[in-house]
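# got a sequence here, can you build the structure:
(one chain, ligands or ions: 1)
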Amino acid sequence: MAFITATLPLMVGLILLFLARLLKRQPKKLKFPKSLPSFPLIGSLLSLRGKLQPHILFQKLQKKYGKLYSLMMGSHYVVIVNDYQHAKEVLMKKGKVFAGRPRTVTTDLLTRGGKDIAFASYSKAWKFHRKLVHSALGMFGEGISTIEKIICQEANSMCQTIITQQNSLLDMGQELTRAVTNVVCSLCFNSRYQRGDPEFEAMLDYSKGIVDTVAKDSFVDIFPWLEFFPNKDLKLLKKCVAIRDTLLLQKYEEHKKNYCDESVRDLIDALLRAKSNIKGNSSFTQDTSLDDDHLLMTVGDVFGAGVETTTTVLKWTILYLLHFPEVQKNIQKELDAVIGQERYPKISDRGNLPYLEATISEVLRIRPVSPLLIPHVAMEDSSIGDFAIPKGSRIVINLWSLHHDEDVWVNPGHFDPTRFLDESGRHIYSPSASYLPFGAGIRVCLGESLAKIELFLFMSWILQRFTLENPPGASLPSLEGKFGVVLQPPKFKIKATLREVWKSCELSDYA
Ligand code: STR
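Okay, here's the model as predicted:
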């Protein structure tokens with residue numbers, strides 16, 4: 001009896017432990033996300049009709065279906081995520097599980113069947129290539145200071161052009177595109193272009209054609225069999241990709257001819273060096289190879305992404321400054337106080353210009369470059385929150401919803417840089433986790449830091465010297481974007497005037 005009394009607490013404890021284990025092992029009851037009505041072949045297409053752009057439509061559909069719901073794009077099961085808790089689970093907590101990418105007709109055409117970084121699905125080889133590019137981008141020259149020099153040279157050349165155009169209406173889009181393209185050309189090919197260079201014009205042309213036709217959930221991506229019918233968009237995409245490929249190949253051949261192990265001048269050189277290192281390494285495997293297709297497609301990615309994204313954000317920033325001249329005045333006041341007229345802005349000024357930084361952050365919130373990111377694919381059966389997600393599902397993160405969530409942001413439709421400033425107004429801060437302009441996790445934007453430097457330097461150089469206004473008498477350009485692989489602002493012209501304080505300044509040319 002005494003034995004039983006003595007061991008009773010121990011036995012009860014053991015039984016409780018056993019029960020607790022059992023309960024823990026019991027999987028959480030998962031349910032499938034609510035689904036939009038869908039029909040054989042066409043999927044949920046009937047619910048997706050109408051004039052609303054996809055990111056706005058997906059945001060609206062939350063009211064009826066909840067923050068996370070599903071639909072069918074043709075025969076593909078797609079899950080739409082509209083809130084940051086679920087988005088973070090997909091991108092970060094379960095980043096590897098959801099690191100796949102769908103194969104589509106247009107992206108396969110652009111990337112030779114997924115031999116790039118952005119649209120290629122997750123694999124060991126992909127991971128290896130991404131790492132290579134990541135280190136290659138910072139490797140040549142002296143890293144940041146080389147990049148700073150390149151950007152400032154382009155900013156200076158752009159400002160010179162603006163000075164000569166003060167009395168006419170200026171398409172800033174063109175000037176910005178040229179400046180940004182030249183920065184990326186320097187990084188990728190160690191070359192730059194003068195205004196009007198035919199090769200440069202050809203680049204702008206093909207890039208526009210690609211942006212207009214690739215990866216925008218066009219019909220041919222939803223119903224791949226449409227590929228075999230005449231299709232204007234697909235024809236244009238094929239033509240543009242062919243022009244791009246000829247250009248890339250030409251640059252590649254030139255680099256191979258002049259390659260020197262000692263001086264790595266740009267991204268192509270860095271990749272050539274990696275290629276020769278791999279060859280000389282005995283642990284060479286299929287996963288650590290770098291064939292010509294991979295090399296070319298990777299350069300194409302960096303080039304295309306580098307040009308289209310940064311240019312788009314700069315255009316949006318200027319468009320918002322036309323609508324909010326008081327924001328422009330505040331930035332100029334800050335620039336005058338911190339930098340003045342004796343010298344040009346440099347990277348190390350970034351921490352001292354919080355209002356400008358806050359303005360750029362607000363532009364990236366209110367008009368995200370990529371409102372639906374690039375779709376992810378579940379590589380195995382998994383879950384998001386309490387929802388079951390079968391292997392192969394496509395996951396669309398609606399960044400637009402995250403950035404315009406009424407539960408998180410005060411008056412999210414309103415442009416207000418001060419939401420990114422602390423109470424003193426002297427420090428930039430992050431007011432919410434519902435903000436991922438560059439995505440997150442293992443597929444986070446490779447160019448995030450380069451982009452931030454470019455946005456900061458270009459905007460500070462322009463606004464230090466010029467005031468930008470809507471042409472007198474003209475109505476303000478619309479703030480509505482056009483959805484595609486990037487969210488594009490409308491075309492617009494501006495009047496740029498040298499600021500009064502600068503009229504008497506003689507600043508030496510930037511060298
Ligand atoms: C722009 C046009 C071009 O010539 C090449 C590319 C490939 C990379 C793409 C880029 C595009 C558009 C913006 C993308 C980028 C990869 C990452 C970036 C989609 C189509 C974004 O996610 C915004």
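# burial of the residue of the stretch 1-150 of the chain found nearest the ligand, as a residue count?
Residue nearest to the ligand within the stretch 1-150 of the chain (CB to the nearest ligand atom): residue 118, separated by 3.5 Å. For glycine as for every other residue, the C-beta is placed from the backbone atoms N, C-alpha and C. Residue 118 has 23 neighbouring residues, counting by other CB atoms under 10 Å.
# list the buried residues for the helix or strand encompassing residue 154?
If you go by DSSP states H and E, residue 154 is part of helix 144-164. Judged by neighbour count using 16 or more other CB atoms under 10 Å, the buried positions of helix 144-164 are 147-159, 162.
# other residues contacting it?
With CB atoms under 8 Å, 6 or more residues apart in numbering as the test, helix 144-164 has contacts from 138, 140-141, 170, 175-176, 178-180, 182-183, 186-187, 192, 195, 344, 346-347, 450, 453-454, 457-458, 461-462, 465-466, 496, 498, 509-510.
# that helix: what's the following helix or strand?
Using DSSP H and E, the next helix or strand after helix 144-164 towards the C-terminus is helix 172-189.
# among the contacts of helix 144-164, the buried ones, what's the PyMOL command?
The following PyMOL line selects those of the contacts of helix 144-164 that are buried, judged by 16+ other CB under 10 Å:
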select buried, resi 140+141+170+175+176+178+179+180+182+183+186+187+192+344+346+347+450+453+454+457+458+461+462+465+466+496+510
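# residues of the protein that sit close to the ligand?
118, 207, 210-211, 214, 301, 304-305, 308-309, 369-370, 374, 485-486 (CB under 6 Å from any ligand atom).
# OK, now which residue of the stretch 351-500 of the chain is nearest to the ligand?
residue 370 (3.7 Å).
# now do the stretch 301-450 of the chain
Per CB to the nearest ligand atom, residue 304 is where the stretch 301-450 of the chain lies closest to the ligand, at 2.1 Å.
# what's the helix or strand for that residue?
Per DSSP H and E: helix 292-323 holds residue 304.
# go on, residue 70?
Per DSSP H and E: strand 68-73 holds residue 70.
# residue 189 contacts residue 268, correct?
Yes - assessed by CB atoms under 8 Å, residue 189 is found in contact with residue 268 at 6.4 Å.
# ok and the helix holding residue 154 relative to helix 172-189, angle-wise?
Orientation note: helix 144-164 sits at an angle of 150 degrees relative to helix 172-189 (axes from the mean of the first three to the mean of the last three CA atoms, to 10 degrees).
# how far off centre is helix 144-164?
23 Å (CA atoms, centre = their mean, to the nearest Å).
# pLDDT on it, on average?
Average pLDDT, helix 144-164: 92.
# and it, C-alpha only, in CSV?
Written as CSV, here are the backbone C-alpha positions of helix 144-164 (Å, rounded to 0.1, in the frame of the first residue of the first chain):
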residue,chain,number,x,y,z
ILE,A,144,30.1,50.4,-53.0
SER,A,145,32.5,53.3,-53.9
THR,A,146,32.7,52.1,-57.5
ILE,A,147,28.9,52.0,-57.7
GLU,A,148,28.6,55.4,-56.1
LYS,A,149,30.9,56.9,-58.6
ILE,A,150,29.0,55.3,-61.5
ILE,A,151,25.6,56.6,-60.2
CYS,A,152,26.9,60.1,-59.5
GLN,A,153,28.4,60.3,-63.0
GLU,A,154,25.0,59.4,-64.5
ALA,A,155,23.1,61.7,-62.2
ASN,A,156,25.5,64.5,-63.2
SER,A,157,25.0,63.9,-66.9
MET,A,158,21.2,63.8,-66.4
CYS,A,159,21.3,67.1,-64.5
GLN,A,160,23.3,68.6,-67.4
THR,A,161,20.6,67.5,-69.8
ILE,A,162,17.8,68.9,-67.6
ILE,A,163,19.6,72.3,-67.5
THR,A,164,19.4,72.5,-71.3
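# quick check: neighbours shared by residue 189 and residue 268?
Counting by CB under 8 Å, 6+ apart, the residues touching both residue 189 and residue 268 are 251, 255.
# those two - which one has more neighbours?
Just comparing residue 189 and residue 268: by other CB under 10 Å the higher neighbour count belongs to residue 268, 25 against 22.
# next, the more buried one: secondary structure please.
Following DSSP: H, G, I helix; E, B strand; the rest coil, residue 268 is assigned to helix.
# what about residue 131, how many residues nearby?
Taking other CB under 10 Å as the definition, residue 131 ends up with a neighbour count of 11.
# so what secondary structure elements neighbour the helix or strand that it is a member of?
For residue 131, the host element (DSSP H and E) is helix 124-139. Counting contacts by 3 or more CB pairs under 8 Å, 6 or more residues apart in numbering; DSSP states H and E, helix 124-139 packs against helix 267-279, helix 292-323.
# which one of those is the most hemmed in?
Highest mean neighbour count of the helices and strands packed on helix 124-139: helix 292-323, a mean of 22 (counted as mean count of other CB atoms under 10 Å).
# buried residues, the next helix or strand after it. List them.
Sequence order places helix 325-338 as the next helix or strand after helix 292-323, per DSSP H and E. For helix 325-338, the neighbour count (16+ other CB under 10 Å) marks 327, 328, 330, 331, 332, 334, 335, 338 as buried.
# go ahead and name everything in contact with the helix or strand following helix 325-338.
Heading C-terminal from helix 325-338, the first helix or strand you meet, by DSSP H and E, is helix 354-366. Under the contact criterion CB under 8 Å, 6+ apart, helix 354-366 has outside partners 313, 316-317, 320, 327, 330-331, 334-335, 350, 403-404, 409, 412-413, 415-421, 425-428, 435, 437, 452, 455-456, 459-460, 463.
# let's see the PyMOL selection covering just the buried ones among those.
Typed into PyMOL, the line below selects the buried ones among those, using 16+ other CB under 10 Å:
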select buried, resi 313+316+317+320+327+330+331+334+335+350+403+404+409+412+415+416+417+419+420+421+428+435+437+452+455+456+459+460+463
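# helices - which of the contacts of helix 354-366 land there?
313, 316-317, 320, 327, 330-331, 334-335, 403, 452, 455-456, 459-460, 463 (DSSP state H).
# would you point out the most distant pair within the residues you listed?
335 and 403 (26.8 Å; CB to CB).
# report the rounded mean pLDDT for stretch 466-484.
95.
# end-to-end on it?
31 Å (CA to CA, to the nearest Å).
# how far off centre is that stretch?
So, by CA atoms, centre = their mean, the centroid of stretch 466-484 is 23 Å from its chain's centroid.
# buried ones in it?
466, 467, 468, 470, 477, 479, 481, 483, 484.
# closest residue of the stretch 151-300 of the chain to the ligand?
For the stretch 151-300 of the chain, CB to the nearest ligand atom, closest residue to the ligand: residue 210, 4.0 Å.
# brilliant, that's me finished.
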